[in-house]
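> Below is the structure, and that's it, no one-letter string:
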């Protein structure tokens, strides 16, 4: 699985992207956030308020109960501010 | 008084503008239209349907009961179609 | 700013002049009107050869300036521009440019839309279309009056 | 057409390409977004030195293309264009160009307004502002969500 972080989430976590095997007990985006939060203090700070984080899987916005597969590209970021 | 005609009204009347002394018994735009209509067949054809004609006095749209003075510049034309 | 002219205009140069040095501008909305190649004549499509725009010098400038002043009063505009051409134009040629610059995008959109709607119903221009069927004056459209009239319902303003 | 690029764009050249040879186009509405020189930091005005735009390559192009397709389905557009820049930009620089060409002016106005509203809420871009107070990420605004949501109320369509 490839996971990307953008904007202040990227800054807090300290990496822009990473790849790993999806652990077998991680079924949803919500599960993944919980698992990432436990990886270190940067992750914990980044995901401290998950309600302000948006998730995208394979370039589509998804709700946190979305089911993940190991081949997915997942992205986490704050609300967008383009235009 | 200066009177101008535009678009198909100008074509029907055959002149773009003319100047004359305002006759003493002509008080309003409506009076002027009646007086012009009697000037010849082109005028009669041009003003045959006065409800489709717009009037402007000194560059302002006016209703047909608007009071005229000899120093006015009056214009008659069909509804505008710019833009 | 108002310009009524026979010659063509360069949209980029006009927009650059409009916004030059004013960094309070967050967005510029512009409308460019072009001469279409097909028109309706007696309820049939006809190929347009050319369009001739007649106007009322003096009144045109006055009405355009009034419309622009009303837009500036209603929306927080940093700059605005109306250019309208007259004379003979061929399909694809530019007829009109309206541009509004504001700190806020929706103000720029609404003001530009308002200017176009009022220009269509207030500015003394008349179009004569040349097709293979001959020449015909364009008739005004009731839909243009409806478009302009919708702006008379003003939005609520908290400050008032 | 969608372009996501670091380099600046020439509005006139882009509009000329958009409308080239298509004489069915009666009007082109465009929006150009510019970097403003003053921003709000902690409820105070602060002079902006620069803005850095980060985006999500791949998803950006996909979302912009989807928004453009929706506009094309909803309004009778002859052509449309979205250009969005990323990277470091200074006050007065162009950020975004959205342009819609149609036979009908109101369709062009509405489609362009729609594209800007949805771009603001859907396209994965993030702005980092540099002022004398330091760097700060721009927060999303509830008013942008409201602006986008109003398009979900579709107008009546006689043909449906």
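Arrived safely. Nothing here was measured: the structure is a model prediction, and the numbers come from that model. Residues are numbered from 1 along each chain as shown, chains lettered A, B, ... in the order given.
> What distance do you get for the residue nearest the centre of chain C to residue B:75?
In chain C, the centroid-proximal residue (CA atoms, centre = their mean) is residue C:116; its distance is 4.2 Å. With the distance defined as CB to CB, to the nearest Å, residue C:116 ends up 23 Å from residue B:75. The way it works is simple: take the backbone N, C-alpha and C, and place the C-beta from them, glycine included.
> Residue C:59: neighbour count?
22 (other CB atoms under 10 Å in any protein chain shown).
> hmm, back to that, before we move on, what's the pLDDT of the residue nearest to the centre of chain C?
We have a pLDDT of 97 for residue C:116.
> what packs against the longest helix along chain C?
For chain C, the helix reaching the highest residue count under DSSP state H is reported as helix C:105-122. When contacts are defined as 3 or more CB pairs under 8 Å, 6 or more residues apart in numbering or on different chains; DSSP states H and E, helix C:105-122 sits against strand C:27-34, helix C:59-74, strand C:77-85, strand C:94-102, helix C:142-149, strand D:27-34, helix D:105-122.
> mind listing what the nearest residue to residue C:65 once chain neighbours are set aside touches?
Of all residues not flanking residue C:65 in the chain, residue C:2 sits nearest, at 5.3 Å (CB to CB, 6 or more residues apart in numbering or on different chains). By CB atoms under 8 Å, 6 or more residues apart in numbering or on different chains, the contact set of residue C:2 is C:61, C:64-65, C:68, C:82.
> from memory residue C:63 sits against residue C:120, does it?
No. Judged on CB atoms under 8 Å, residue C:63 makes no contact with residue C:120 at a distance of 11.5 Å.
> Can you pull the residues of chain A lying near chain C?
Counting by CB under 8 Å from any CB of the partner chain, the residues of chain A close to chain C are residue A:83.
> Would you mark the buried spots in the longest helix along chain A?
Longest helix in chain A, counting residues (DSSP H): helix A:29-37. Under the neighbour-count criterion of 16 or more other CB atoms under 10 Å in any protein chain shown, helix A:29-37 has A:29-33, A:36 buried.
> related to what we said a few turns ago, filter the contacts of residue C:2 to the buried ones?
C:61, C:64, C:68, C:82.
> Just give the number of residues close to residue 77.
This is for chain A. Residue A:77, neighbours per other CB under 10 Å, totals 22.
> The chain in question should be chain C.
20.
> Any idea what it is bridged to?
residue C:102 (DSSP bridges).
> for the one 4 residues further on, same thing?
Going by DSSP bridges, residue C:81 is paired in beta bridges with residue C:99.
> how close does it get to residue C:45?
33 Å.
> doesn't residue A:68 make contact with residue A:27?
Yes. Here residue A:27 reaches residue A:68: they are 6.8 Å apart, a contact under CB under 8 Å.
> Looking at those two, which one has more neighbours?
Ranked by neighbour count (other CB under 10 Å), residue A:27 and residue A:68 place residue A:68 first, with 19 against 14.
> Would you mind measuring from that one to chain C?
Using CB to the nearest CB, to the nearest Å, residue A:68 is found at 37 Å from chain C.
> Tell me how far that residue lies from residue A:36.
Residue A:68 is 12 Å from residue A:36, by CB to CB.
> Over in chain A, which residue gets nearest chain C? Let me know.
residue A:83 (7.8 Å; CB to the nearest CB).
> State whether that residue is indeed within a strand.
No. Counting by DSSP: H, G, I helix; E, B strand; the rest coil, residue A:83 is not part of a strand but coil.
> what about it, neighbour count?
For residue A:83, using other CB under 10 Å, the count is 24.
> these two touch, right, it and residue D:122?
No. Counting by CB under 8 Å, residue A:83 does not reach residue D:122; the two are 9.9 Å apart.
> Just the closest residue of chain A to chain D, please.
For chain A, CB to the nearest CB, closest residue to chain D: residue A:82, 2.7 Å.
> mind checking how far that residue is from chain B?
32 Å.
> Just give the nearest non-adjacent residue to that residue, would you?
residue D:125 (2.7 Å).
> quick one: contacts for the one you found?
So residue D:125 contacts A:80-83, D:53-55, D:60, D:84, D:86 (CB under 8 Å, 6+ apart).
> nearest to residue C:132, of those residues?
Distance to residue C:132 across the contacts of residue D:125 (CB to CB) is lowest for residue D:84, with 44.4 Å.
> Per-residue pLDDT of the closest one, please?
At residue D:84, pLDDT is 98.
> so how far is chain B from the closest residue to it other than its chain neighbours?
Nearest residue to residue D:84, sequence neighbours excluded (CB to CB, 6+ apart): residue D:96, at 4.9 Å. Residue D:96 is 27 Å from chain B, where distance means CB to the nearest CB.
> cool, and residue C:87?
13 Å.
> how many neighbours does the residue in chain C that chain D sits nearest to have?
Closest to chain D within chain C is residue C:12: 3.1 Å, counting by CB to the nearest CB. For residue C:12, the count of nearby residues is 15 (other CB under 10 Å).
> Going along the chain, name the helices of chain A.
A:7-13, A:29-37, A:41-46.
> any idea of the mean pLDDT in the second one?
Which is helix A:29-37. pLDDT averaged over helix A:29-37 gives 97.
> Show me what it is in contact with.
Under CB under 8 Å, 6+ apart, the answer for helix A:29-37 is A:3, A:22-23, A:25-26, A:43-44, A:47, A:50, A:53, A:55, A:57, A:62-66, A:68, A:74, A:76.
> Residue C:122 is in contact with residue C:68, isn't it?
No. The criterion here is CB under 8 Å, and residue C:122 misses it with residue C:68 at 11.2 Å.
> Residue 70: what's it in contact with?
You didn't say which chain, so I picked chain A. A:1, A:21-22 are the contacts of residue A:70 under CB under 8 Å, 6+ apart.
> hm, I was asking about chain C
Per CB under 8 Å, 6+ apart, neighbours of residue C:70: C:114, C:118.
> shouldn't residue A:21 be in contact with residue A:1?
Yes. Counting by CB under 8 Å, residue A:21 does reach residue A:1; the two are 7.1 Å apart.
> For these two, indicate the residue with more neighbours.
A count of neighbours by other CB under 10 Å puts residue A:1 above the other of residue A:21 and residue A:1, at 18 against 7.
> Next up, the contacts around the nearest residue to that one once chain neighbours are set aside.
Leaving aside its chain neighbours, residue A:1 sits nearest to residue A:22 (4.6 Å; criterion: CB to CB, 6+ apart). Residue A:22 makes contact with A:1, A:32, A:68-70, A:72 under the criterion CB under 8 Å, 6+ apart.
> Output those residues as CSV; include the columns distance to residue C:107.
Shown next, in CSV, are those (distance: CB to CB, whole Å):
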residue, distance to residue C:107
A:1, 45
A:32, 42
A:68, 43
A:69, 46
A:70, 49
A:72, 42
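> closest to chain B among these?
The nearest one, if we look at these relative to chain B and count by CB to the nearest CB, is residue A:72, at 51.5 Å.
> for that closest one, what are its contacts?
A:1-2, A:22, A:57-58 are the contacts of residue A:72 under CB under 8 Å, 6+ apart.
> and residue C:56, how many residues sit next to it?
Neighbours around residue C:56, by other CB under 10 Å: 22.
> Can you read off the pLDDT for the residue nearest to it when sequence neighbours are not counted?
Once flanking residues are discounted, residue C:56 sits nearest to residue C:124: 3.9 Å by CB to CB, 6+ apart. With respect to pLDDT, residue C:124 has a value of 98.
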